[in-house]
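> when you get a sec, could you give me coordinates for this:
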Amino acid sequence: MNRNRMLIGAVVAIVIGLLASRYVYKQVQRAGTLKPMQTTQIVVAAERMALGARLQPHQLRLVSWPQDDPLPGSFTRIEDCTNRALITSLIENEPVLEGNLAPKEAGAGLPAVIPEGMRALSVRVDDVVGVAGFVVPGTMVDVLATGDMGGTSSGGNDSVTRTILEDVRVLAAGQKIEQDKDGKPQTVSVVTLLVDPGQADKLTMASTEARIHLALRNTIDTKQINSPPVFRSALFGGTPPRTTAEPKVPNRRRMTKPPSISPPPPPYTVEVIKGEKRETHTFPAQ
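Numbering: from 1, shown residues only. Sure thing, here's the model as predicted:
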């Protein structure tokens with residue numbers, strides 16, 4: 001009995017081995033008949049390149065890319081990208097796409113990264129206005145202006161702070177148009193904002209007639225708040241007191257009212273009768 005079981009087990013093992021060998025043989029044959037993957041060449045960055053840089057041949061190279069999976073907007077020749085400016089920064093081995101490049105006639109540097117119909121306008125900042133140096137290229141800000149409203153109906157002056165622009169992109173901090181690679185703050189005296197022509201008018205007026213502050217916001221927060229203006233009188237409570245100014249007379253002394261003088265007492269009158277004759281005598285009061 002044990003001998004029969006051993007024979008059956010041996011036969012089963014041989015059959016399984018033959019089947020496995022046949023399967024492996026077919027897979028090897030199939031692999032040998034597969035066609036090699038077809039590839040093409042695309043242009044990639046040979047090094048890290050900053051926003052606004054004009055591409056040069058030594059900064060680009062060709063790499064293989066699957067032909068059956070084309071990359072839209074890619075280039076197959078380096079000369080097609082040469083002398084065009086970047087509107088986004090690139091890292092090493094990143095494909096160069098048409099959407100990364102400014103038009104050929106746009107030049108290089110800051111003008112190349114300004115979209116059609118937009119304007120770049122610079123405003124003076126300090127450590128407070130520039131949010132301690134964290135307003136750097138690529139960040140988004142709101143612009144607040146504080147100014148004096150002049151005479152009000154209550155007879156005094158009042159100041160107001162209002163948000164004049166929201167969700168505005170910072171193009172440059174000083175003369176830098178790219179963030180520090182380590183994310184460090186940058187101390188600058190001027191920042192350049194990307195605005196449309198109408199916003200440029202508002203910003204120019206505010207920077208001339210008011211005090212400017214920038215409020216840093218999250219780059220993915222694009223919600224428009226339209227917050228109401230804040231008045232100084234409302235912030236600190238009450239309204240300015242009503243004042244009535246006296247008219248001023250230039251180059252004259254203020255005239256004072258003369259002291260009042262009481263009238264003298266009336267005189268004494270004495271009537272003297274002598275028979276049929278009457279006489280009246282008047283004597284001054286003492």
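> from here on, just use CA atoms for contacts and neighbour counts.
Fine.
> so which residues of the stretch 51-200 of the chain form helices?
Taking DSSP state H, counting those that start in this stretch, the helices of the stretch 51-200 of the chain run over residues 197-209.
> where in it is pLDDT low?
150-156, 181-183 (pLDDT under 70).
> how close does M140 sit to L121?
15 Å (C-alpha to C-alpha, to the nearest Å).
> now do Q59
Distance of Q59 to L121, computed by C-alpha to C-alpha: 31 Å.
> which of these two has more neighbours?
Between Q59 and L121, counted using other C-alpha atoms under 10 Å, L121 has the larger neighbour count: 20 against 16.
> surely the more buried one meets D196?
No. The criterion here is C-alpha atoms under 8 Å, and L121 misses it with D196 at 9.6 Å.
> identify the residues contacting the residue nearest to I87 when sequence neighbours are not counted.
Counting by C-alpha to C-alpha, 6 or more residues apart in numbering, V113 is the residue found nearest to I87 once chain neighbours are left out, at 5.0 Å. By C-alpha atoms under 8 Å, 6 or more residues apart in numbering, V113 lies in contact with 51-52, 86-87, 102.
> repeat for N226
Contact analysis of N226 by C-alpha under 8 Å, 6+ apart lists T163.
> for the lengthiest strand in the chain, which positions count as buried?
In the chain, with assignment by DSSP state E, the single longest strand is strand 157-173. In terms of neighbour count (16 or more other C-alpha atoms under 10 Å), strand 157-173 has its buried residues at 158, 160-173.
> what do you get for stretch 100-116?
For stretch 100-116, by 16+ other C-alpha under 10 Å, it's 100-102, 107-110, 112-114.
> got TSV for the residues you listed, with distance to S21 too?
TSV is the format used below for those (distance: C-alpha to C-alpha, whole Å):
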residue	distance to S21
N100	54
L101	57
A102	60
G107	66
A108	65
G109	66
L110	67
A112	65
V113	64
I114	67
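> got a winner among the contacts of V113 for most neighbours?
Taking other C-alpha under 10 Å as the neighbour criterion, L86 ranks highest of these with 28 neighbours.
> how about the strands of the stretch 151-286 of the chain, start to end?
Counting by DSSP state E, counting those that start in this stretch, the stretch 151-286 of the chain has strands at residues 157-173, 190-195, 211-217, 230-231, 268-274, 277-283.
> take these and lay them out in TSV including distance to T40.
Shown next, in TSV, are these (distance: least, C-alpha to C-alpha, whole Å):
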stretch	distance to T40
strand 157-173	37
strand 190-195	39
strand 211-217	43
strand 230-231	62
strand 268-274	137
strand 277-283	139
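> of all the ones you listed, which one is nearest G17?
strand 211-217 (68.7 Å; C-alpha to C-alpha).
> and the closest one, what does it pack onto?
strand 140-151 (3 or more C-alpha pairs under 8 Å, 6 or more residues apart in numbering; DSSP states H and E).
> may I have the strands that pair with the strand it packs on, each with its orientation?
Applying DSSP bridges to the sheet, strand 140-151 is found paired with strand 157-173 (antiparallel), strand 211-217 (antiparallel).
> closest one of the buried residues of strand 157-173 to V43?
Distances from V43 to the buried residues of strand 157-173, taken by C-alpha to C-alpha, are shortest for L171, at 27.3 Å.
> ok, back up a step: how much space between the residue nearest to I87 and A120?
Taking C-alpha to C-alpha, one finds V113 at 10 Å from A120.
> got it, and T204?
As judged by C-alpha to C-alpha, T204 and A120 stand 12 Å apart.
> more neighbours, the two?
Shown here are T204 and A120; by other C-alpha under 10 Å, A120 has more neighbours (21 against 14).
> who does that one form a beta bridge with?
Per DSSP bridges, the residues bridged to A120 are L194.
> pretty sure it contacts V191?
No. At 9.9 Å, A120 does not count as touching V191 under the criterion of C-alpha under 8 Å.
> overlap in contacts of the two?
With contacts taken as C-alpha under 8 Å, 6+ apart, A120 and V191 have L171 as neighbours in common.
> which residues does the closest residue to V141 other than its chain neighbours contact?
Leaving out its chain neighbours, the residue that sits closest to V141 by C-alpha to C-alpha, 6+ apart is L216, at 4.6 Å. By C-alpha under 8 Å, 6+ apart, the contact set of L216 is 131, 135, 139-142.
> again, 7 Å this time
By C-alpha atoms under 7 Å, 6 or more residues apart in numbering, L216 lies in contact with 135, 140-142.
> again, but for T40
So T40 contacts 64-67 (C-alpha under 7 Å, 6+ apart).
> many thanks, have a good one.
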